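# would you be able to build a 3D model of this:
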Amino acid sequence: MTISKYYIDRAKYRAEDENGNVIWLEVDYWNNKYKVSSDNKVLNNFAKTLLNKKHRVNLVQKINQ
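Sure, this is the predicted structure:
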């Protein structure tokens, strides 16, 4: 059986700042949304970059190599 479509739906990432505080980044790739548990400019920008690269992108070529 060959997989013809493969997408990232949602992901949750753990980040820690210099003080050891944990900040959660939840990315909903399918609906092009994200949520950061604490306001953080770096993670907000990173989330936007992730969504630009992976929003409804078919990644099947990664499986069928």
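
# excluding chain neighbours, what is closest to residue 8?
For residue 8, the nearest residue in space outside its immediate sequence neighbours is residue 29; the separation is 4.5 Å by Cβ to Cβ, 6 or more residues apart in numbering. In short, each C-beta sits where N, CA and C put it, glycine included.

# does the one you found touch residue 7 like I think?
Yes - shown here, residue 29 and residue 7 form a contact pair, counting by Cβ atoms under 8 Å, at 7.1 Å.

# and those two? which has more neighbours close in?
residue 29 (19 against 13; other Cβ atoms under 10 Å).

# now for the helix ranked longest in the chain, which elements pack on it?
Residue-count comparison of every helix in the chain, with assignments taken from DSSP state H, identifies helix 41-54 as the longest. If contacts are counted by 3 or more Cβ pairs under 8 Å, 6 or more residues apart in numbering; DSSP states H and E, helix 41-54 sits against strand 22-28, strand 33-36.

# contact partners of that helix?
Residues outside helix 41-54 that contact it (Cβ atoms under 8 Å, 6 or more residues apart in numbering) are 8, 15, 23, 25, 27, 29, 32-34, 36.

# and the residue nearest to residue 8, how far is that from residue 17?
With the distance defined as Cβ to Cβ, to the nearest Å, residue 29 ends up 24 Å from residue 17.

# got any ranges where this protein has weak pLDDT?
Scanning the chain for pLDDT under 70 picks out the ranges 65.

# mind running it again at 50?
For the chain, not a single residue meets the criterion pLDDT under 50.

# nearest the middle, which residue of the protein would you pick?
Of all residues in the chain, the one closest to the mean position by Cα atoms, centre = their mean is residue 27, 4.4 Å from it.

# quick check: beta-bridge partners of that residue?
The partner list for residue 27 in beta bridges (DSSP bridges) reads residue 11, residue 34.

# thought it was touching residue 55?
No - the pair formed by residue 27 and residue 55 falls short of the contact definition of Cβ under 8 Å, at 9.6 Å.
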